[in-house]
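Asks: heads up, no residue letters with this:
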């Protein structure tokens, strides 16, 4: 994964583009392990949703700036709420971990991409390099 993201950077011509990496479920664990090792992923933003853990105990153990590490978790996501923090590092949604929370308005472990959801809109914002909504709008 590191070779892939570094290859994207190397192959890109012109002005540096905004690179975001999104990991879901155990893909988020792979994303965390890849960013923790070597020279990291070289991403401007990393977003993990439904994560059981990123293989580290604190956001600052990754190469991405903790202000650009986003965590999304649905209230009823079994993986995020019942397996995080057990064996794959500290729960990334724990405030003490040091990541940023992205507002999620979807349900379950796979609803993060539901059409018309704030969850999907927030992912688009992160991909575009725009701060996502972190709380529901009143």
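Replies: Done, it's in. Keep in mind it's a predicted model, so treat the numbers as computed, not measured.
Asks: alpha carbons only for contacts and neighbour counts from here, please
Replies: Will do.
Asks: right, and residue 61 touches residue 36 too?
Replies: Yes. Judged on Cα atoms under 8 Å, residue 61 makes contact with residue 36 at a distance of 6.4 Å.
Asks: More neighbours: which of those two?
Replies: Ranked by neighbour count (other Cα atoms under 10 Å), residue 61 and residue 36 place residue 36 first, with 20 against 16.
Asks: how many neighbours does the nearest residue to the more buried one once chain neighbours are set aside have?
Replies: Nearest residue to residue 36, sequence neighbours excluded (Cα to Cα, 6 or more residues apart in numbering): residue 62, at 4.5 Å. By other Cα under 10 Å, the residues close to residue 62 number 22.
Asks: Please apply the same query to residue 7.
Replies: The local packing of residue 7 (other Cα under 10 Å) involves 11 other residues.
Asks: mind showing which ranges of this protein have poor pLDDT?
Replies: By pLDDT under 70, the low-scoring segments of the chain are 138.
Asks: show me where it has strands.
Replies: Using DSSP state E, the strands found in the chain span residues 20-24, 45-49, 69-72, 100-101.
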